[in-house]
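S.K.: only the shape, not the letters, is given here:
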């Protein structure tokens, strides 16, 4: 059977930091270093090998890369200097642009819907609103339950001024400039996409 | 013929391990004068610290002894121990070198009778056994040490007891007041053969060497397996002295890793297979697990790999472990991902041996004190002077000897060119 390298080439070109996957020597240190290793199906090493093996749907539909909490343990320990955290985020983003991600994937919903809308609408992260939208995304009952569970953390964060409790803080100064930046970024992304 | 040609043309060989010894005897036996300089009190270097060499699993003492005889019987070889080359001036064919002779506090009149060691009451960590046991402050390193002269630790030489011990010597060879001296020599060629040191395993933080008693290194394990080693050859757990019957070997510990040594040292895979045989021979019911990224049995050593593979007591896990933890019983627990099955493991062992690589001495303390010296990215000597064995690149004993013989050939060409 001949190797089909088309998916690997696509990832090297289009997925952010994807070209680094070529450098992986399949040692497995990333998997053993990951604090969430009980929760994913495929380790970063396996995902990279699946990219090379052309398993497009398995990779892009996988929920593995959405498990990353950006602790950077894998980057610190990778013997070949692969920016694994960034490669994983790149793959998640690429899967999203390809429309392959399960829309109910919780991290995806948070990143793509809650967080993105939160920051784009005002130009800043409104922690109170962000937390409320996250907690209540599965209905009012679930939201109240989660809020109660996290009550002590929230109070602690308030006390140490790590959480701004005001839900509506309005737009940042120079919001128009911020919008222009986003538009420019989107334009560049399309250009890059066409080039690739 | 060679006598006429070679008169006055001296080849300086720096380092008296297997490479330096080989260059020295090979060059001298063609009729050139050789000055052999060794930093330690005795010759033999890393090879003398080994229990067995692969692939024949014979004792290194044998190979070294032959070279010692060749040195003793060859009037063309002068040698200095406890000496370091501190400066090289000039150019190929006409170098002036300055050599610092550190005080041995024992003269060449020493017969090696050992009366001084018996009289000495001070014990120090034994550098020859990586500090795993203590030895007398006046001693020679091991039963086969060459030269046989004892040596006294410089700190001890300052003590009052050193004066008393000096009086015990039947031939009056002990001189606690001996000072360092510099000598200057003219030589035609310089061969750098300063070898390697084991990579500092404490730098590999996730593996916990130095933190967990039952995580050791391959060179320490080599000493442990040797009858002259700290345990008299018994393979045991450093924490409680219990027999180590379930042993893990971790390959590429601090090698092929941009955080530590970026290169492959070539020898560690074979060394671990050899060390697995130490465990298997000592305890027939023992288990050895070798963790590896890929096995590098260079050249004809493939046969040794096949032999090791045939042993059912040795298992192989394709994985570079991510970290080591310690459980309540003091067992090191190796954690990682089996890359053939994708399974995540956490396996306890009696003892874990880190197969650490070679750091060239020329990267730090053994830098060539010559303006024209050139190194590769890792500190191996590539130019300015000739370099042999592990001063030139990481390699095993057999190819060190080949390299050293080649450098003897180059050195006699340089030394013979002028005059």
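M.R.: It's in. The structure presented is a predicted model; accordingly, all values stated were derived computationally and were not measured. Numbering: from 1, shown residues only, chains lettered A, B, ... in the order given.

S.K.: what about stretch A:106-118, how long is it end to end?
M.R.: End-to-end distance for stretch A:106-118: 16 Å, by Cα to Cα, to the nearest Å.

S.K.: other residues contacting that stretch?
M.R.: A:66-67, A:92, A:96, A:101-103, A:125-126, A:129-130, A:133-134, A:137 (Cβ atoms under 8 Å, 6 or more residues apart in numbering or on different chains). Every C-beta, even on glycine, is put in place using the N, C-alpha and C of the backbone.

S.K.: mind running it again at 10 Å?
M.R.: With Cβ atoms under 10 Å, 6 or more residues apart in numbering or on different chains as the test, stretch A:106-118 has contacts from A:63, A:65-69, A:89, A:92-93, A:95-96, A:101-103, A:105, A:124-127, A:129-134, A:137-138.

S.K.: what of stretch B:153-170?
M.R.: Contacts of stretch B:153-170 (Cβ under 10 Å, 6+ apart): B:102-107, B:109-111, B:113, B:115-122, B:124, B:127, B:135-139, B:150-152, B:172-178, B:180.

S.K.: and the closest residue to chain B within chain A, how many neighbours?
M.R.: Chain A approaches chain B most closely through residue A:32 (2.5 Å), counting by Cβ to the nearest Cβ. When counting by other Cβ atoms under 10 Å in any protein chain shown, one arrives at 27 neighbours for residue A:32.

S.K.: before we move on, what about the one 10 residues further on?
M.R.: By the other Cβ under 10 Å criterion, the neighbourhood of residue A:42 contains 19 residues.

S.K.: and the gap between it and residue A:147?
M.R.: Going from residue A:42 to residue A:147 by Cβ to Cβ, to the nearest Å gives 34 Å.

S.K.: kindly report the same for residue B:326.
M.R.: Residue B:326 sits 40 Å away from residue A:147, going by Cβ to Cβ.

S.K.: quick one: which of the two has more around it?
M.R.: Per other Cβ under 10 Å, whichever of residue B:326 and residue A:147 has more neighbours is residue B:326, with 17 against 14.

S.K.: wait, residue A:44 touches residue A:86, no?
M.R.: No - using Cβ atoms under 10 Å as the test, residue A:44 is too far from residue A:86 to be in contact (11.2 Å).

S.K.: okay, and the common contacts of the two?
M.R.: With Cβ under 10 Å, 6+ apart as the test, residue A:44 and residue A:86 both reach residue A:68.

S.K.: in ChimeraX, how would I select the buried members of the contacts of stretch B:153-170?
M.R.: Buried subset of the contacts of stretch B:153-170, written as a ChimeraX selection, criterion 16 or more other Cβ atoms under 10 Å in any protein chain shown:
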select /B:102,103,104,105,106,110,116,117,119,120,122,124,135,136,137,138,139,150,151,152,173,174,175,176,178
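
S.K.: isn't residue B:193 right up against residue B:389?
M.R.: Yes - counting by Cβ under 10 Å, residue B:193 touches residue B:389, with 5.4 Å between them.

S.K.: give the residues shared as contacts by the two.
M.R.: B:15, B:17-23, B:45, B:400, B:403-404, B:407.

S.K.: what pLDDT does residue B:58 get?
M.R.: pLDDT for residue B:58: 92.

S.K.: got phi/psi on it?
M.R.: Backbone torsions for residue B:58, taken as degrees, to the nearest 10, come to phi -100, psi 170.

S.K.: show me the contacts for the residue of the stretch 151-300 of chain B found nearest chain A.
M.R.: Nearest residue of the stretch 151-300 of chain B to chain A: residue B:257, at 3.5 Å (Cβ to the nearest Cβ). For residue B:257, the contact set (Cβ under 10 Å, 6+ apart) comprises A:27, A:29, A:77-81, B:204, B:263, B:293, B:320, B:357.

S.K.: just the ones in strands from those residues, please.
M.R.: Among the contacts of residue B:257, no residue falls in strands (DSSP state E).

S.K.: mind giving me the domain ranges of chain A?
M.R.: Segmentation of chain A into domains, based on automatic domain parsing, reads A:6-97, A:106-189.

S.K.: hey, least reliable of those by pLDDT?
M.R.: domain A:106-189 (a mean of 90).

S.K.: how far out from the middle of the chain is that domain?
M.R.: For domain A:106-189, the separation from the chain centroid amounts to 15 Å (computed by Cα atoms, centre = their mean, to the nearest Å).

S.K.: between the two ends of that domain, how far is it?
M.R.: 25 Å.

S.K.: next one: stretch B:376-396
M.R.: Stretch B:376-396 has an end-to-end distance of 19 Å (criterion: Cα to Cα).

S.K.: kindly report the same for stretch A:154-174.
M.R.: Stretch A:154-174: ends 30 Å apart by Cα to Cα.

S.K.: what separates the closest residue to residue B:132 other than its chain neighbours from residue A:149, distance-wise?
M.R.: Distances taken as Cβ to Cβ, 6 or more residues apart in numbering or on different chains put residue B:230 closest to residue B:132, at 3.9 Å, once the chain neighbours are dropped. Distance, residue B:230 to residue A:149, by Cβ to Cβ: 55 Å.

S.K.: tell me which of those two has more neighbours.
M.R.: Each of residue B:230 and residue A:149 has its neighbours counted (other Cβ under 10 Å); residue B:230 has more, 20 against 11.

S.K.: pLDDT at the more buried one, what is it?
M.R.: Residue B:230 is given a pLDDT of 95.

S.K.: assign residue 183 to helix, strand or coil.
M.R.: Using chain A. helix (DSSP: H, G, I helix; E, B strand; the rest coil).

S.K.: chain B is the one I meant
M.R.: strand.

S.K.: now for it, how many residues are close by?
M.R.: 11.

S.K.: phi, psi for the closest residue to residue B:385 other than its chain neighbours please.
M.R.: Leaving aside its sequence neighbours, residue B:385 sits nearest to residue B:190 (Cβ to Cβ, 6+ apart; 4.2 Å). Backbone torsions for residue B:190, taken as degrees, to the nearest 10, come to phi -120, psi 130.
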